[in-house]
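**Q** quick one, what's the 3D model for this:
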Amino acid sequence: MHLDATLVTITVVIVVALVFDYINGFHDAANSIATVVTTRVLSPGQAVLWAAFFNFVAAFFFGTGVAKTVGKGMVDLQAVTFGVILAGLAGAILWNLITWYFGLPTSSSHALFGGYGGAAVAKAGFSAIILSGWSKTIIFIFVAPLIGLAVGLLVMTSIYWLFRDTTPTRVDRWFRRLQLLSAAAYSLMHGANDAQKTMGIITGALVTGGYLSTFEVKWWVILLAHAAIGLGTLSGGWRIIKTMGSKITRLRPESGFAAETGAAVAIGIATTMGVGISTTHTITGAIVGVGATRRLSAVRWGVAGQIVWAWVLTIPAAATIGALSYYVVRLFIA
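**A** Presented below is the predicted three-dimensional model:
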């Protein structure tokens, strides 16, 4: 009877984790497609298909370093129960839906970290937090958008210099093709980093339930996580696309290419290091960097400021929701 109850509970945890993964793709679809839609290189329908495909394909090319960091490097597994995992996921899902409603491109990753951490603290106190795992995440809150900004700025400046004698029509034609590649690269990196966070949560649940003796991400977990985030991207978080694609700065095919390239490079570096970062922060930083190459006034700093405030609030807000959710969840799950 105990085993049956455990199996039911762990199945619920996996389903809720995949719901979060789906909402992650849904919420972050704008990051993958806003630039390519705004520049009219692809229609919205074509863009989500393009992004979703590369979100899923990432399953076959990258390891599970980020999954290990999230699953066992941020919260002490001895403090993790099914209630903690469910409450953490609830905190992340609710914060994602709130920010989606208001059209704010916040970080699904940080929402998950905050929700999971808040639930663990509610269960076992601050001793449940592994500071070394959090330090990387906190550092990359600042580093990731700066890398995206710097690479976007560098690529855009290089484009201006290399194509200074080329007619605008030819530049537009070339970069409409190249932006397909940069959008694919960004979506590949987005899938590689973000899907691994759900893999870490599911694998942690399997260890907690005694179905795994060591923290090892199984192939079926990898495929499920990438399928869920790909389906979420396919649904598209349309409310956020306008903010990402036109409210921060005006984009053209060449600037869209530079922004996506900058973000893809930054996410690739973090994924290689096994660090779970905010793909939202990274692409936003890259878009700001690209806009600043024209003139500083080309960036709508008021909009950028609102986004930064939403970033700052994400971890504590999701942690609060996660902690409150834990007190509710523990009434039903021991």
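**Q** only C-alpha atoms for contact and neighbour calcs from this point on.
**A** Noted.
**Q** relative to Gly276, how far out is the closest residue in space to Ser235 that isn't next to it in sequence?
**A** Excluding the flanking residues, the one nearest Ser235 by CA to CA, 6 or more residues apart in numbering is Phe26, at 5.9 Å. Applying CA to CA, to the nearest Å, the value for Phe26 to Gly276 is 18 Å.
**Q** then Pro44?
**A** Separation of Pro44 from Gly276 (CA to CA) stands at 28 Å.
**Q** and for Phe82?
**A** The gap separating Phe82 from Gly276 is 22 Å, by CA to CA.
**Q** and the two? Which one has more around it.
**A** Shown here are Phe82 and Gly276; by other CA atoms under 10 Å, Gly276 has more neighbours (28 against 23).
**Q** now do the same contact list for the closest residue to that one other than its chain neighbours.
**A** Leaving aside its sequence neighbours, Gly276 sits nearest to Val66 (CA to CA, 6+ apart; 5.4 Å). Neighbour list for Val66: 193, 196-197, 200, 271, 274-276 [criterion: CA atoms under 8 Å, 6 or more residues apart in numbering].
**Q** what's around Tyr101, how many residues?
**A** Other residues within reach of Tyr101, judged by other CA under 10 Å, total 13.
**Q** scratch that, Glu216 is what I was asking about
**A** Number of residues near Glu216 (other CA under 10 Å) recorded here: 17.
**Q** where's Ser135 relative to Leu112, distance?
**A** 16 Å.
**Q** can you check Ala317 too?
**A** Remark: distance between Ala317 and Leu112 (CA to CA) = 11 Å.
**Q** pick out whichever of these two has more residues nearby.
**A** Taking other CA under 10 Å, Ala317 and Leu112 do not tie; Leu112 has more neighbours (31 against 20).
**Q** picking that back up, the contacts of Val66 in helices, which ones?
**A** Under the assignment DSSP state H, the contacts of Val66 contribute 193, 196-197, 200, 271 to helices.
**Q** worst mean pLDDT across the helices and strands of this structure, which element?
**A** The weakest-scoring helix or strand in the chain, judged by mean pLDDT, DSSP states H and E, is helix 238-242 (a mean of 52).
**Q** for stretch 219-231, buried residues please.
**A** For stretch 219-231, burial by neighbour count (16 or more other CA atoms under 10 Å) applies to 221-231.
**Q** show me which of those is closest to Val143.
**A** Distance to Val143 across those (CA to CA) is lowest for Ile229, with 24.6 Å.
**Q** contact partners for that closest one?
**A** Ile229 is in contact with 21-26, 52, 55-56, 191, 195, counting by CA under 8 Å, 6+ apart.
**Q** helices along the protein, start to end?
**A** Going by DSSP H, the chain shows helices at 2-38, 44-57, 65-72, 82-101, 108-124, 131-162, 168-208, 219-235, 238-242, 253-272, 279-292, 301-329.
**Q** looking at those helices, which one has the lowest mean pLDDT?
**A** Sorting those by mean pLDDT places helix 238-242 lowest, at a mean of 52.
**Q** got a list of what Ser108 touches?
**A** 24, 27-28, 92, 96, 278 are the contacts of Ser108 under CA under 8 Å, 6+ apart.
**Q** got it, and Leu324?
**A** By CA under 8 Å, 6+ apart, the contact set of Leu324 is 87, 119.
**Q** make residue 1 into 201 and carry on from there
**A** With 201 as the first residue, the last one maps to Leu524.
**Q** how far away is it from Phe220?
**A** With CA to CA as the criterion, Leu524 and Phe220 are 18 Å apart.
**Q** repeat that for Ser308.
**A** Using CA to CA, we find Ser308 at a distance of 9 Å from Phe220.
**Q** who touches both of these two?
**A** Here Ser308 and Phe220 have Ala292 as joint contacts, going by CA under 8 Å, 6+ apart.
**Q** what's the nearest residue to Ala350 if we skip its chain neighbours?
**A** Nearest to Ala350 is Gly489, by CA to CA, 6+ apart, at 6.5 Å.
**Q** re earlier: format the contacts of Ser308 as JSON lines; extra columns: distance to Phe415.
**A** Formatted as JSON lines, the contacts of Ser308 follow (distance: CA to CA, whole Å):
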{"residue": "Asn224", "distance to Phe415": "23"}
{"residue": "His227", "distance to Phe415": "28"}
{"residue": "Asp228", "distance to Phe415": "28"}
{"residue": "Ala292", "distance to Phe415": "23"}
{"residue": "Asn296", "distance to Phe415": "27"}
{"residue": "Ser478", "distance to Phe415": "24"}
